[in-house]
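Trainee: here is a sequence with its predicted model. Questions after.
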Amino acid sequence: MKNKILHPVLAFALTVASLASFAQCEIKNKIYPDGSMLYYIEPVNFYWTEAKALKGGIQTDKENYFLALQPTPYPVRDKSIKLNDDLEMKLSNDSIYILEHFDTRYMEHDSVIQLLYLINQDHLEAFLNFEAISVDINMGEDEGIRTYVFKLHKAALQEQLACFMKEEEEKKKK
């Protein structure tokens, strides 16, 4: 009797897991008003409570890789311009990586703020091999440093970065 119940449950769990992995590799692109194009995968939730949340993911312009983060709550639009500090990110290898602030923007047709950080080429291997643990974001003079400990989708950045790199390798082979 246990096997009759266990097998369908296990099959369902594996199907859901494979679909979740597949969804992580759906690359989209967006052209910005300045003519630049960024390729991205839909943001995933890293942290969520009633008081604050953090979504994000990897983006690329085909030359550089960026970490895009959408923290909530976020400062009102006038104050967001001042959110230009670098980011401290801890990975599961217990190392802290400093990511250079690249851009702060409100998403088009939305009020969500997005902070974009450049992932140094020297850090790419670590981002491919280790899960995200936490980030420290300076939310400005009023609030200071806000720490988000990744509770959800810790491996999402690894999976997204691997997806982008795999696509680049496949294009080079053609």
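Mentor: Right, received. Where do you want to start?

Trainee: SS state for the nearest residue to Asp61 once chain neighbours are set aside?
Mentor: Using Cβ to Cβ, 6 or more residues apart in numbering and skipping the chain neighbours, the partner closest in space to Asp61 is Leu38 (5.7 Å). Any C-beta I mention is one placed from the backbone N, CA and C, and that applies to glycine too. Under DSSP: H, G, I helix; E, B strand; the rest coil, the three-state class of Leu38 is strand.

Trainee: now Glu167
Mentor: Applying three-state DSSP: Glu167 is helix.

Trainee: look up the pLDDT of the closest residue to Met37 other than its chain neighbours for me, please.
Mentor: Residue nearest to Met37 in three dimensions, not counting chain neighbours: Ile31, with 5.0 Å by Cβ to Cβ, 6+ apart. Note for Ile31: predicted pLDDT of 88.

Trainee: touching, the residue nearest to Asp61 and Lys62? I think so.
Mentor: No - judged on Cβ atoms under 8 Å, Leu38 makes no contact with Lys62 at a distance of 9.2 Å.

Trainee: neighbour count: those two, which is higher?
Mentor: Set Leu38 next to Lys62 and count neighbours by other Cβ atoms under 10 Å: Leu38 wins out with 18 against 13.

Trainee: spit out the contact partners of the more buried one.
Mentor: 29-30, 32, 59-61, 66 (Cβ atoms under 8 Å, 6 or more residues apart in numbering).
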